[in-house]
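[1] Predicted coordinates and the sequence they were generated for:
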There are 2 protein chains.
Amino acid sequence: MSQTDTVSRILDAAEALFAERGFTETSLRTITSTAGVNLAAVNYHFGSKKELIQAVFERFLTPFTEDLEAELDRRIATGQELHVEGLLESLYRVGLGGLSDRGLDPQRFMRLLGLAYTQFQGHLRRFIVSRYGDSYRRFAGLLAEALPGVDPVTFYWRLYFMLGATIFTLSSYDAIEAILREDFGAQSSLPETLERLVPAASAMLKVEAI
Amino acid sequence: MSQTDTVSRILDAAEALFAERGFTETSLRTITSTAGVNLAAVNYHFGSKKELIQAVFERFLTPFTEDLEAELDRRIATGQELHVEGLLESLYRVGLGGLSDRGLDPQRFMRLLGLAYTQFQGHLRRFIVSRYGDSYRRFAGLLAEALPGVDPVTFYWRLYFMLGATIFTLSSYDAIEAILREDFGAQSSLPETLERLVPAASAMLKVEAI
DNA sequence: CATCATTTAAAACAGTTGTTTAACTCTGGC
DNA sequence: GCCAGAGTTAAACAACTGTTTTAAATGATG
């Protein structure tokens, strides 16, 4: 084994197994044997399982937020109007394209993001907020500006509605797609689903009624 | 201890602890010591931890679906038009009111429902689908009828968008509410949040654009 | 060539997990 | 009054968890 790719082999295996089964359901022994490395390597390189979990998230969240920031900069620089649909498209395009360019599976990315919210790992939520909170707040701010009629509290609730619809749906994408394929024979792709999500989420954010 | 309330004491403790920490993160020893019963009682009365998890869900999903069916029957019997907002209101009213009448915490109910979808317990999903799938399909069918313009595949994706927005938001209700209270000083109640969710989810289901 | 970080191996660590056992207590029906 | 059976108890089971330690081997860098 060529020395230092041990770290990335562990990250690869951990990422796949976490997305598939969750954190507590995945043991270090499963990870290391999948990665073909020694059990002690995880504690040697990462310190603990907690820090391994954080490292997995860091590896895909850092390029994701960087790409998103760049995309927002680009949109602002070219003087494009920042309407709701455009912002959501930016978000989804980065999540879909930017990551797969780097060889990362966007679906796995969504499953992990869903886990970060629903599994009970306090340290993970704290880690993500402290590391990527600024980018999140920037995006939320731009979205709020694009919705001048909506009062702040209502806006934030709807932002969470949107996050819920996105994360929930995409992290169970395979299961939902399988059901629809069985019932309607129609198979849909991930980009197609995002194309359905943009107008739906936009409509939800924009409603006039109380 | 008055003999046979051991079963319900276990269910009470398990329900609260599962909602708080998740399934794998909650040990039988924590459950039994919280309930004040012997460790072996779980295996004696329920057979296994899996079956205990299912029993917890059965205890609140059975009254919930019965109430929902009754509410739908009532709406149809009184000849009310079944529009989208009304159906969602029925769903949320039953989830909120019907359960708390029975002394069950609606938020806990939502957290557990979220867990059922996101935790990796294949047996749970199978159990719920086989037991409550008919009620689910009936509700989905009525909702589809109220949306004649929307093609079936798009409808089902949007149904999952709505489920995601609902389950995700309400299962993290406490956390989100705390953030909004800190940032805006405005505190919102669960009924208020559902009042925001009805028009938002309706708008999402009804959009005209592709 | 020596050095030092990296990797492997194997073992042990101390906990925790779900489950099972066998003995015990209690109670309702004969 | 007694006894079968349901209910409870403490103890032990075997398996697994994350982590640490020992040791030896490997490889790149200076």
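    Arrived safely, thanks for sending. The structure displayed is predicted, hence computed values, not measured ones.
[2] Report the next helix or strand after the lowest-mean-pLDDT helix or strand in chain A in sequence order.
    Every helix and strand in chain A was compared by mean pLDDT, DSSP states H and E; the lowest is helix A:99-101, with a mean of 74. Where DSSP states H and E defines the elements, the next helix or strand beyond helix A:99-101 is helix A:106-118.
[3] most residues in a single helix of chain A, which one?
    Using DSSP state H, we find that the single longest helix of chain A is helix A:49-77.
[4] close to DNA strand C, is that helix?
    No. Between helix A:49-77 and DNA strand C, judged by C-beta under 7 Å from any atom of the strand, nothing touches; the nearest distance is 13.5 Å. For every residue, glycine as well, the C-beta is placed using N, CA and C.
[5] just the angle between the next helix or strand after that helix and helix A:106-118, please?
    Heading C-terminal from helix A:49-77, the first helix or strand you meet, by DSSP H and E, is helix A:84-93. Inter-element angle recorded for helix A:84-93 and helix A:106-118: 100 degrees (by axes from the mean of the first three to the mean of the last three C-alpha atoms, to 10 degrees).
[6] Which neighbouring elements make contact with the least confident helix or strand of chain A?
    On a contact count with 3 or more C-beta pairs under 8 Å, 6 or more residues apart in numbering or on different chains; DSSP states H and E, helix A:99-101 meets helix A:49-77, helix A:106-118.
[7] Pick the most deeply packed of those helices.
    Stretch with highest mean neighbour count among these: helix A:106-118 (a mean of 21; mean count of other C-beta atoms under 10 Å in any protein chain shown).
[8] for the following helix or strand past that helix, what is the average pLDDT?
    Next in sequence after helix A:106-118, counting helices and strands by DSSP H and E, comes helix A:122-145. Averaged across helix A:122-145, pLDDT comes to 93.
[9] Show me what helix A:122-145 packs onto, helices and strands only.
    Where contact means 3+ C-beta pairs under 8 Å, 6+ apart, helix A:122-145 is packed against helix A:49-77, helix A:84-93, helix A:106-118, helix A:152-171.
[10] how about low-confidence regions in chain A?
    Chain A contains residues with pLDDT under 70 at A:1-4, A:209-210.
[11] tally of neighbours for the closest residue to residue A:115 other than its chain neighbours?
    Excluding its sequence neighbours, the residue lying closest to residue A:115 (C-beta to C-beta, 6 or more residues apart in numbering or on different chains) is residue A:22, at 6.3 Å. Counted with other C-beta atoms under 10 Å in any protein chain shown, residues neighbouring residue A:22 total 21.
[12] how far away is residue A:22 from DNA strand D?
    11 Å (C-beta to the nearest atom of the strand, to the nearest Å).
[13] who's in contact with that residue?
    Neighbour list for residue A:22: A:115, A:119, B:24, B:119, B:120 [criterion: C-beta atoms under 8 Å, 6 or more residues apart in numbering or on different chains].
[14] Recalculate using a threshold of 10 Å.
    For residue A:22, the contact set (C-beta atoms under 10 Å, 6 or more residues apart in numbering or on different chains) comprises A:111, A:115, A:118, A:119, A:121, B:22, B:23, B:24, B:118, B:119, B:120, B:121.
[15] what comes up buried for the least confident helix or strand of chain A?
    Residues of helix A:99-101 classed as buried by neighbour count (16 or more other C-beta atoms under 10 Å in any protein chain shown): residue A:99.
[16] outside of that helix, which residues touch it?
    With C-beta under 10 Å, 6+ apart as the test, helix A:99-101 has contacts from A:60, A:63, A:64, A:67, A:105, A:106, A:107, A:108, A:109, A:110, A:190.
[17] Farthest pair within the residues you listed?
    A:63 and A:190 (18.4 Å; C-beta to C-beta).
[18] give me every residue that touches residue A:145.
    A:82, A:87.
[19] Tell me the spacing between it and residue A:72.
    Counting by C-beta to C-beta, to the nearest Å, the gap from residue A:145 to residue A:72 is 12 Å.
[20] Mind listing the shared neighbours of those two?
    Residues touching both residue A:145 and residue A:72 (C-beta under 10 Å, 6+ apart): A:82, A:87.
[21] Show me which residues of chain A sit near DNA strand D.
    A:2-3, A:26-30, A:39-40, A:42-43, A:48-50.
[22] quick one: which of those is most hemmed in?
    Ranking those using other C-beta under 10 Å puts residue A:42 first, with 23 neighbours.
[23] Excluding its own residues, what touches the host helix or strand of that residue? List them.
    Assigned by DSSP H and E, residue A:42 falls within helix A:40-46. Here helix A:40-46 makes contact (C-beta under 10 Å, 6+ apart) with A:4, A:6-7, A:9-11, A:14, A:28-29, A:31-32, A:35, A:37-38, A:48-49, A:51-56.
[24] that older thread, how about the helices and strands packed on helix A:99-101, which one is nearest residue B:172?
    helix A:106-118 (6.8 Å).
[25] burial measure for the closest residue to residue A:107 other than its chain neighbours, as a count.
    Nearest non-adjacent residue to residue A:107, counting by C-beta to C-beta, 6+ apart: residue A:173, 5.7 Å away. By other C-beta under 10 Å, the residues close to residue A:173 number 19.
[26] my guess is residue A:173 meets residue A:191, correct?
    No. Using C-beta atoms under 10 Å, residue A:173 is not in contact with residue A:191; the gap is 11.6 Å.
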